[in-house]
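**Q** build me a structure from this.
(2 chains)
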Amino acid sequence: MAAMRRIGCLLAREEAFPIEEAKQRALLEVALAHSPRVESVGAGLAYLDVTGLRGLFGEEPEIGQRLCRAAADRGLAVRVGIAGSRASAIFAARWGDGVAIVPPGDEAAYLAPAPCSLLDLSPEMARLLDRWGIRTLGELARLPAAALFERLGADGPRLQALARGEDPRPLSPWAPPRVLEERVEGDWTMDTIEPLIALLADLAGRVCARLAREGLSGDAFEWSCRLGDGTSHDGRFVPAVPTADSGVVGLLLRAAFESRPPQAAVTGIALRAQPVRVPPDQETLTGSSRSSPRALAETLARLAALMGPERIGVPVLLDSHRPDAMRLAPFRLAGSLPPREGRGAGEPSPVGGEGRVRGPVLALCRLRPPRPAKVTLTAGRPVHLRSDLLTGSIVASAGPWRASGEWWCERPFFQDEWDVELEGGALCRLSHDGSAWFLAGIYD
Amino acid sequence: MAIPTESLPPPGRGSTEIDFLLGAFPRGQLSEIVGSWSSGGESLLLALLARATAGGRLAALVDGADAFDPTVAAAAGADLSSLLWVRCGGEITLALRAADLLARCPGFAVVALDLGERVLTRRQPVPPAAWRRLQRAVEGSGAALVLRVPRHVAGAAAALVLEAERGRAHWVGSPRPTRLDGLLSRVRVLRSRAPAPLQAEGVWTLSWQL
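**A** Predicted structure coming up:
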């Protein structure tokens, strides 16, 4: 006779919410410490296969208590349900308090007095069952299946099976993401940046060598420096493309440390890589200037080291009416982008590309920050501009266009904008914030 | 100065000329767009970047003066997620080094180096060797390296030189203008080493809409 399957359910109590990523990971680690087969379902919920754990941890009530204690040690208050199926395990955990054990093969009888609200019914379904006078899982389980199907469709038999604790779905195993780590610790301290960067380059070489040995690439790299004053200096970067190139990783680490050096002497360093498997590039028959992720990652690393990582990226428009509301996001190569063969750089794409390009648009060269200006007004309209970049009589103007908002924030914005044409033909945008004039941009 | 009140050509006119011009920037070569403020040179560069990124290719903009406006680029149809923006904050040396790095990197369809009038001052001239170096850098990558400058500076290193001249602005509203609607600019081919399609001394009139 085959061994009866037993499923455990770890359910975070209400006081543990909101469940952050770290808490969910702690919950999964508790489960994983007791069983090799664990499933992560959602925030505050995990299943584990407890079949055959008796020899290791004792009877099921004892296993449940161990799970509760282990979770409490990680700062999580949980309920535990152990039953023959996922559904009955979670119903038992929800219904009970602390540890609830459903005897093997007795799921339907155990759950019979439980309320129907355990089923996560839609409001309409809950109202319908309430109108029928169905309050408990046992009452739902005892309804005639055919009549239930006629009234509720496929939902009827499904809910009835759940009410009996029948749930044949197997566990979908979860494995913790693998992390490759190299660390250096000793009785030394480093209080200058250059030897620290040399040490980081060495660590990067070791991590990348491990990645390369297994045919993997690093999708993200994290470092943690233990400092002499008892604090730590932690950071993380994500390369434009997964890489196992120690030169690229070393450059990115250098850029990161030069832009944000540790505030005290370093006494130990750990570098971790999050490995991913990257399929090899498919070469084209004729492509000679194909996008090379490695070359791109190296170029971006060099650029970050040259300019500072905060100066390179892709522009992202912010959901705001504030003038020039945008930020820079890290540049990520979404996928291999084979270039289209052709002699002209501006040739339209064969598929769809041209359709998205709108008509010729007049560009505005922004002045960051806007330049202070002196503007002479006549009858409320600007007639003369004086600034360090442009000076002259204004021959045409349109405005003011008021831009204001975010009055509910600490930094509300308010300005009147004018488009003006100078005598020499230069077109520019002026702004007035209520107290002073600025040259905000020049059309080109 | 009299304010012209007649309408500009409707949107769409001039797009053939722009398409033609945008298709003429040679890959693996250095090109120049020259012209002073409000000449339409920046708009031409923006159209080139928009065309490249909207076509699913990568483009890079080395922004010497930190003057790029992503809102306008998005309005022009650029796919901002395919546009690498390098903000140089007016440091011309950094801008040249960044352009050199990007010009050598395979995968970019267009690498633009924007050195506006505030960056390219006569007090800090760029040695001619710098342009030749950029030209050699881009030969291997296959990108179109486009230099936006107020005046022709790259000398013989540039395979294509387009000069943008300020036309007239178009204002809407009478008798007083109520809105700036667009700008006409003339683009002249000063130099073209490519055998076709551009011939030196050709002139195009382009209409840019706000």
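
**Q** list the buried ones in whichever helix or strand residue B:207 is part of?
**A** Using DSSP states H and E, residue B:207 falls within strand B:203-209. Across strand B:203-209, burial judged by 16 or more other C-beta atoms under 10 Å in any protein chain shown covers B:204, B:206, B:207, B:208, B:209. Placement of C-beta: from N, CA and C, glycine included.

**Q** check contacts around the first one.
**A** What that stands for is residue B:204. With contacts defined as C-beta atoms under 8 Å, 6 or more residues apart in numbering or on different chains, residue B:204 is in contact with B:17, B:20, B:21, B:186, B:187, B:188.

**Q** where along the stretch 251-400 of chain A do the strands fall?
**A** Taking DSSP state E, counting those that start in this stretch, the strands of the stretch 251-400 of chain A run over residues A:266-276, A:312-317, A:326-329, A:364-378, A:381-386, A:391-405.

**Q** could these go into TSV alongside mean pLDDT?
**A** Output for the strands of the stretch 251-400 of chain A, formatted as TSV (pLDDT from 0 to 100):
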stretch	mean pLDDT
strand A:266-276	90
strand A:312-317	93
strand A:326-329	92
strand A:364-378	94
strand A:381-386	94
strand A:391-405	91
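
**Q** now render these as JSON lines, adding distance to chain B and mean neighbour count.
**A** Below are the strands of the stretch 251-400 of chain A laid out as JSON lines (distance: least, C-beta to the nearest C-beta, whole Å; neighbours: other C-beta atoms under 10 Å in any protein chain shown):
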{"stretch": "strand A:266-276", "distance to chain B": "20", "mean neighbour count": "20"}
{"stretch": "strand A:312-317", "distance to chain B": "4", "mean neighbour count": "19"}
{"stretch": "strand A:326-329", "distance to chain B": "5", "mean neighbour count": "15"}
{"stretch": "strand A:364-378", "distance to chain B": "4", "mean neighbour count": "17"}
{"stretch": "strand A:381-386", "distance to chain B": "8", "mean neighbour count": "18"}
{"stretch": "strand A:391-405", "distance to chain B": "4", "mean neighbour count": "16"}
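
**Q** what about the chain, any weak spots by pLDDT?
**A** In the absence of a named chain, this looks at chain A. A:1-3, A:16, A:279-292, A:334-359 (pLDDT under 70).

**Q** nope, chain B
**A** B:1-15, B:118-124, B:194-201.

**Q** tell me the SS of residue B:135?
**A** helix (DSSP: H, G, I helix; E, B strand; the rest coil).

**Q** what is the neighbour count of it?
**A** 20 (other C-beta atoms under 10 Å in any protein chain shown).

**Q** that one touches residue B:157, doesn't it?
**A** Yes. Between residue B:135 and residue B:157 there is a contact under C-beta atoms under 8 Å: 4.2 Å.

**Q** joint contacts of these two?
**A** Joint contacts of residue B:135 and residue B:157 (C-beta under 8 Å, 6+ apart) are residue B:30.

**Q** still on that earlier bit, name the nearest of the buried residues of strand B:203-209 relative to chain A.
**A** Nearest to chain A among those: residue B:208, at 3.9 Å, using C-beta to the nearest C-beta.

**Q** any idea how far the residue lying closest to that closest one once chain neighbours are set aside is from residue A:74?
**A** Spatially, and ignoring its direct neighbours in sequence, residue B:208 is nearest to residue A:362 (3.9 Å; C-beta to C-beta, 6 or more residues apart in numbering or on different chains). Using C-beta to C-beta, to the nearest Å, residue A:362 is found at 59 Å from residue A:74.

**Q** tell me which of those two has more neighbours.
**A** For residue A:362 versus residue A:74, neighbours defined as other C-beta under 10 Å are more numerous around residue A:362 (25 against 15).

**Q** residues touching the more buried one, list them.
**A** Counting by C-beta under 8 Å, 6+ apart, the residues that residue A:362 touches are A:443, B:40, B:43, B:72, B:182, B:183, B:208, B:209, B:210.

**Q** and if we set it to 6 Å?
**A** The contact partners of residue A:362, taken as C-beta atoms under 6 Å, 6 or more residues apart in numbering or on different chains, are A:443, B:43, B:182, B:183, B:208, B:210.

**Q** could I get these as TSV with distance to residue A:319?
**A** Below are the contacts of residue A:362 laid out as TSV (distance: C-beta to C-beta, whole Å):
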residue	distance to residue A:319
A:443	25
B:43	26
B:182	28
B:183	29
B:208	27
B:210	23
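
**Q** may I have the secondary structure class of residue B:109?
**A** Residue B:109 ends up strand, using three-state DSSP.

**Q** which residue is the nearest non-sequential neighbour of it?
**A** Nearest non-adjacent residue to residue B:109, counting by C-beta to C-beta, 6+ apart: residue B:57, 3.8 Å away.

**Q** likewise for residue A:332?
**A** Nearest non-adjacent residue to residue A:332 (C-beta to C-beta, 6+ apart): residue A:240, at 5.7 Å.

**Q** and residue 176, how many neighbours?
**A** Picked chain A for this. Neighbours of residue A:176 (other C-beta under 10 Å): 11.

**Q** switch to chain B, that's the one I care about
**A** A count of nearby residues for residue B:176, using other C-beta under 10 Å, gives 11.

**Q** equivalent analysis for residue A:248, please.
**A** By the criterion of other C-beta under 10 Å, residue A:248 has 25 neighbours.
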